[in-house]
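# my questions concern the predicted model and sequence given below.
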Amino acid sequence: MTMEMENMKKIKTVFNVVDATDDKPARMNLYGFIGSSASLWGTDAQDITTKGVTKSLDEIEGDTLDVHINSTGGDAFEGIGIYNALKQSDKTINVYIDALAASAASVIAMAGDTIFMPKNAQMMVHHAATFEYGNVQDFEQAIKMLNKMDNSLIASYESRFKGTSQELTDLLDAETFLNADEAVAFGFADKILDYSDDDDKDEDKEQNNIKSSLFAKYGDNKIVANANDPEPVEPINKPTNLADRLANLIAKEGN
């Protein structure tokens, strides 16, 4: 999480709305930190907040809104608030993942009636995280808060996820980065931009193969091969810490 927070500092936050034209719907850009970036980093950057998004939704004319996202995430509560604001809108919401929708930004993406991802875009999902300082009681309270936040995040993902509860938990455990094909396979995206469909291919089988391949990479012994696969996918033991997990993945990629 430290690397993610450091990366947030480097991304200029942009929150603005481009009015609709005769041939294009209104566009909302959500680039950078989700939440009060100014108070967090001491900058003058625009904030991407529930309040700002709600105000913009009230002012946007037209029945359709294109929401463009490029963000490493930020405040989970603001992510959920923006998600709910978009879901409660009477507009058709098209979400475009311009490069990355990670953490809280991935929650916002779930609000799209249709979610588009270019082939080179990514999405990252993980469990709720926080910083804490204090005694045992402080940490016990933080754990309770994180467990409740996890339930809220899971509820947001479950509205679209194609798979079992255990599969979703495994993805969150691994802090998984999904490419466009993987995101579509799991229901986190609907359409891949600039992707030529082959009418002869079995899309369901291809998506099942994508899932099996992903879980073979990130999963644990609970993951088994898809019934349609000719050969079982050999499970791997999930490392108990991030350093071991990264070493495992690096070793696997080198094979």
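Everything's here; your move.
# contacts and neighbour counts: CA atoms only from here.
Noted.
# and for Ser36, the neighbour number?
Using other C-alpha atoms under 10 Å, Ser36 has 18 neighbouring residues.
# list the contacts of it.
Listed by C-alpha atoms under 8 Å, 6 or more residues apart in numbering, the contact partners of Ser36 are Asp47, Ile48, Thr49.
# okay, it: pLDDT?
pLDDT for Ser36: 79.
# state the distance from it to Asp47.
Computed with C-alpha to C-alpha, to the nearest Å, the distance linking Ser36 and Asp47 is 5 Å.
# from the contacts of Ser36, which land in strands?
Among the contacts of Ser36, DSSP state E puts none in strands.
# who wins on neighbours among these?
Neighbour counts for the contacts of Ser36 were taken using other C-alpha under 10 Å; the highest belongs to Ile48, with 26 neighbours.
# tell me the helix or strand right after the helix or strand where Asp58 lies.
Using DSSP states H and E, Asp58 sits in helix 50-59. Toward the C-terminus, helix 50-59 is succeeded by strand 64-74 as the next helix or strand (DSSP H and E).
# tell me which other helices or strands that following strand touches.
helix 2-10, strand 26-34, strand 92-102, helix 104-109 (3 or more C-alpha pairs under 8 Å, 6 or more residues apart in numbering; DSSP states H and E).
# mind listing residues that contact the helix or strand just after it?
Using DSSP H and E, the next helix or strand after strand 64-74 towards the C-terminus is helix 76-88. By C-alpha under 8 Å, 6+ apart, the list of residues contacting helix 76-88 from outside reads 34-35, 49-50, 53-54, 93, 103-105, 107-112, 128, 149, 152-153, 156.
# please check those residues and keep the buried ones.
34-35, 49-50, 53-54, 93, 103-105, 107-112, 128, 149, 152-153, 156 (16 or more other C-alpha atoms under 10 Å).
# hmm, back to that, using PDB, list the CA coordinates for the helix holding Asp58.
What follows is helix 50-59, C-alpha atoms only, in PDB (Å, rounded to 0.1, in the frame of the first residue of the first chain):
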ATOM      1  CA  THR A  50     -19.200  12.700  -3.600                       C
ATOM      2  CA  LYS A  51     -20.300  16.300  -3.100                       C
ATOM      3  CA  GLY A  52     -18.600  17.500  -6.300                       C
ATOM      4  CA  VAL A  53     -19.900  14.600  -8.400                       C
ATOM      5  CA  THR A  54     -23.500  15.000  -7.100                       C
ATOM      6  CA  LYS A  55     -23.400  18.700  -7.800                       C
ATOM      7  CA  SER A  56     -22.200  18.100 -11.300                       C
ATOM      8  CA  LEU A  57     -24.800  15.400 -12.000                       C
ATOM      9  CA  ASP A  58     -27.500  18.000 -11.100                       C
ATOM     10  CA  GLU A  59     -26.100  20.500 -13.500                       C
END
